[in-house]
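Trainee: please find the sequence and the predicted model below.
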Amino acid sequence: SILLADSTIDAEKLHQLQTNYFIARKHYKQIECFIEYCSPFDAKYFINGPLVKKSDLEIGTRIVDPHGFQVIEEQLFGVDSIDTSLLLIELKLLKESFNTFTHKLNNINISDSQILEMMQFELIRMSALTLNGYDASFTKTNSEECKNVFEGFRALLNDVKVKNQENGYPLALHQQVISKLKLAETYCLIHKDYDSFNRLFFITQHIKPIYKLLVKIHQTNLFPYTQVDYAINLNNEHIFEREYYNINYFSVKTVDTLGNALQAQLGELLFFDPVLSGNNKRACASCHKPELAFTDGFKKGVSFEKENLDRNTPTLLNTIFQKNFFYDGRARQLEQQANDVLHNQKEMNSTIEDMINRLNESDEYKSLFKNSFKGTADTNINYYGILKAITEYEKTLVSMNSRFDQYIKGDYKQLNKQEINGYNLFSGKALCGSCHFFPLFNGLVPPIYND
């Protein structure tokens with residue numbers, strides 16, 4: 001604030017401002033996991049959100065300009081003429097945000113289990129965001145900031161050890177993770193160049209082993225898991241692999257899991273059966289063809305009357321890992337998406353009454369619904385059951401066994417040097433990975449996967 005009191009910023013003053021910025025960023029990164037876990041809204045909107053306008057269901061239709069570190073970074077490192085008034089505003093907001101967070105800490109209880117979980121989340125954030133230009137997009141100090149994160153980890157873990165060493169704390173595991181953290185810090189110190197940083201090596205050889213050890217510490221009796229329905233299974237050590245994701249998180253009925261396997265089989269039958277369409281001739285699979293990666297192969301979809309639609313038919317592979325559907329994002333869940341298509345006059349052109357009546361004409365379908373929803377309040381054919389069954393089938397359409405996925409799992413022969421360099425370009429200099437987030441490469445932001 002003192003340096004900015006005079007609107008004239010010469011080279012010496014700019015150097016001092018940049019130095020102060022790096023000091024502040026170091027301290028922030030050391031506690032980033034804590035702030036992102038305890039105050040994710042403040043982190044996104046006021047502390048360290050990306051340099052894009054934002055909207056959120058929590059704030060209605062209002063569009064919010066970016067604030068925080070990245071706006072300050074752009075002014076100090078990315079513009080020809082610094083806007084001192086903007087810098088003062090952003091500095092004030094940043095100080096207010098940290099003061100608010102400090103007061104918040106006095107009124108919340110954070111368990112040691114949550115300390116471990118926030119570190120797990122931070123490793124995902126590092127892999128998918130920090131290394132991909134999501135922040136530090138002008139300074140390119142992402143590698144050094146990863147080092148700062150690991151320094152924060154060591155301080156947090158040592159505190160957890162001190163508090164629990166009388167209760168059988170796993171000292172051997174603790175020492176292993178501390179050792180791995182130091183190795184990762186050393187790698188970051190040696191490989192500082194943003195463009196040439198080997199992200200896949202760093203993820204597989206440093207981040208994954210650290211994550212696995214944190215899970216093993218977490219799995220001891222001292223640290224019960226927080227009972228929250230997250231997008232990831234925090235008790236699964238196989239980070240970035242299929243079983244690591246909590247598929248039910250992405251469904252509107254997260255707790256309705258009774259009979260899911262049978263319902264998926266029923267949903268597959270419904271998906272390929274034209275019985276749900278208005279003319280009894282078109283099925284979901286008519287446009288989402290398995291042999292074409294569940295697309296139709298056309299530039300634009302084909303309507304009920306064989307005319308071109310305004311939009312294309314997207315793949316259903318990995319579609320469960322989404323929170324917005326259709327081009328305008330009007331549907332928030334797969335069940336709602338299926339509902340809109342079934343009723344759309346240009347697509348399936350059907351009604352709830354017609355679908356239920358036609359299905360009730362089949363003794364086989366009546367039996368399948370009864371068995372699939374056995375133990376629930378209603379085993380008759382109903383619209384909820386139709387949507388639920390189709391959604392459960394779509395949940396099975398997960399494609400996480402590409403050569404890239406196999407490489408992440410540990411089969412390092414799957415990718416050649418050029419492909420590895422291609423990923424580093426994708427996630428580094430080209431900045432593709434700052435929107436197409438590793439490892440799903442859709443637009444849902446890790447590690448919470450709700451944005």
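Mentor: Here it is on my side, so go on. This structure is a prediction, so every number in the text was calculated from the model and none was measured. Numbers count the residues shown, from 1 in each chain.
Trainee: so which bits of stretch 163-178 are buried?
Mentor: 164, 169-170, 173-174, 176-178 (16 or more other C-beta atoms under 10 Å). No exception for glycine: its C-beta is placed from N, CA and C like everyone else's.
Trainee: got these as TSV, with secondary structure columns?
Mentor: Listed next are those as TSV, based on DSSP: H, G, I helix; E, B strand; the rest coil:
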residue	secondary structure
164	helix
169	coil
170	coil
173	helix
174	helix
176	helix
177	helix
178	helix
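Trainee: for these, work out which two are farthest apart.
Mentor: Spanning the widest gap among these are 164 and 176, at 16.3 Å by C-beta to C-beta.
Trainee: pLDDT score for residue 254?
Mentor: Reported pLDDT at residue 254 in the predicted model: 60.
Trainee: ugh, wrong one, I meant residue 379
Mentor: pLDDT, residue 379: 88.
Trainee: state the number of residues packed around it.
Mentor: A count of nearby residues for residue 379, using other C-beta atoms under 10 Å, gives 16.
Trainee: how far away is it from residue 174?
Mentor: Using C-beta to C-beta, to the nearest Å, residue 379 is found at 51 Å from residue 174.
Trainee: would you list the phi and psi of residue 357?
Mentor: Per-residue torsions, residue 357: phi -60, psi -40 (degrees, to the nearest 10).
Trainee: name the element residue 282 belongs to?
Mentor: Element membership of residue 282 [criterion: DSSP states H and E] is none; it lies in no helix or strand.
Trainee: doesn't residue 303 make contact with it?
Mentor: No - under the criterion of C-beta atoms under 8 Å, residue 282 makes no contact with residue 303, lying 10.0 Å away.
Trainee: quick one: which of these two has more around it?
Mentor: Using other C-beta under 10 Å, the more surrounded residue of residue 282 and residue 303 is residue 282, with 18 against 15.
Trainee: burial check on the residue lying closest to the more buried one once chain neighbours are set aside, number of neighbours?
Mentor: Among residues not flanking residue 282 along the chain, residue 274 sits closest, at 5.5 Å (C-beta to C-beta, 6 or more residues apart in numbering). Applying other C-beta under 10 Å, we find 16 residues neighbouring residue 274.
Trainee: quick one: low-confidence residue ranges for this protein.
Mentor: 2-3, 5-7, 56-60, 252-255 (pLDDT under 70).
Trainee: longest helix anywhere in it?
Mentor: Secondary structure of the chain read by DSSP state H shows that its longest helix is helix 11-38.
Trainee: for it, name the packing helices and strands.
Mentor: helix 69-77, helix 84-105, helix 112-128, helix 142-164 (3 or more C-beta pairs under 8 Å, 6 or more residues apart in numbering; DSSP states H and E).
Trainee: which one of those is the most hemmed in?
Mentor: Sort the helices and strands packed on helix 11-38 by mean neighbour count, taking mean count of other C-beta atoms under 10 Å, and helix 112-128 sits at the top with a mean of 22.
Trainee: returning to what we had before: find residues that contact each of residue 282 and residue 303.
Mentor: Here residue 282 and residue 303 have no joint contacts, going by C-beta atoms under 8 Å, 6 or more residues apart in numbering.
Trainee: about what we covered before: buried sites along the longest helix of the chain?
Mentor: For helix 11-38, by 16+ other C-beta under 10 Å, it's 17, 21, 25-26, 28-38.
Trainee: now for these: which two are most distant?
Mentor: Of all pairs in the buried residues of helix 11-38, the most separated under C-beta to C-beta is 17 and 37 at 29.7 Å.
Trainee: neighbours of residue 396, how many?
Mentor: 14.
Trainee: surely it touches residue 263?
Mentor: No - the criterion here is C-beta under 8 Å, and residue 396 misses it with residue 263 at 10.6 Å.
Trainee: residue 257: how many residues sit nearby?
Mentor: Residue 257: 13 neighbours (other C-beta under 10 Å).
Trainee: once you drop chain neighbours, what's closest to it?
Mentor: Looking at residue 257 with C-beta to C-beta, 6+ apart, the closest residue is residue 248, at 6.1 Å.
Trainee: give me the phi and psi angles of that neighbour.
Mentor: Residue torsions, per degrees, to the nearest 10, at residue 248 are phi -70, psi -20.
Trainee: distance of it from residue 40?
Mentor: From residue 248 to residue 40 the distance is 21 Å (C-beta to C-beta).
Trainee: cool, residue 350 as well?
Mentor: Applying C-beta to C-beta to residue 350 and residue 40 gives a distance of 40 Å.
Trainee: more neighbours: which of those two?
Mentor: Between residue 350 and residue 40, counted using other C-beta under 10 Å, the more crowded position is residue 350 (22 against 14).
Trainee: right, and that one touches residue 339 too?
Mentor: No - assessed by C-beta under 8 Å, residue 350 is found out of contact with residue 339, at 10.6 Å.
Trainee: identify the bridge partners of residue 302.
Mentor: residue 308 (DSSP bridges).
Trainee: which residues touch it?
Mentor: 287, 296, 308-309.
Trainee: pull the distance from stretch 38-57 to the chain's centre.
Mentor: 15 Å (C-alpha atoms, centre = their mean, to the nearest Å).
Trainee: ditto for stretch 397-412
Mentor: 18 Å.
Trainee: kindly provide the distance from the residue nearest to residue 352 when sequence neighbours are not counted to residue 358.
Mentor: Take residue 352 and drop its neighbours on the chain: the residue closest to it by C-beta to C-beta, 6+ apart is residue 383, 4.8 Å away. To residue 358, residue 383 is 13 Å away according to C-beta to C-beta.
Trainee: swap in residue 13?
Mentor: In terms of C-beta to C-beta, residue 13 sits 76 Å off from residue 358.
Trainee: please apply the same query to residue 91.
Mentor: Residue 91 is 65 Å from residue 358, by C-beta to C-beta.
Trainee: equivalent analysis for residue 83, please.
Mentor: 64 Å.
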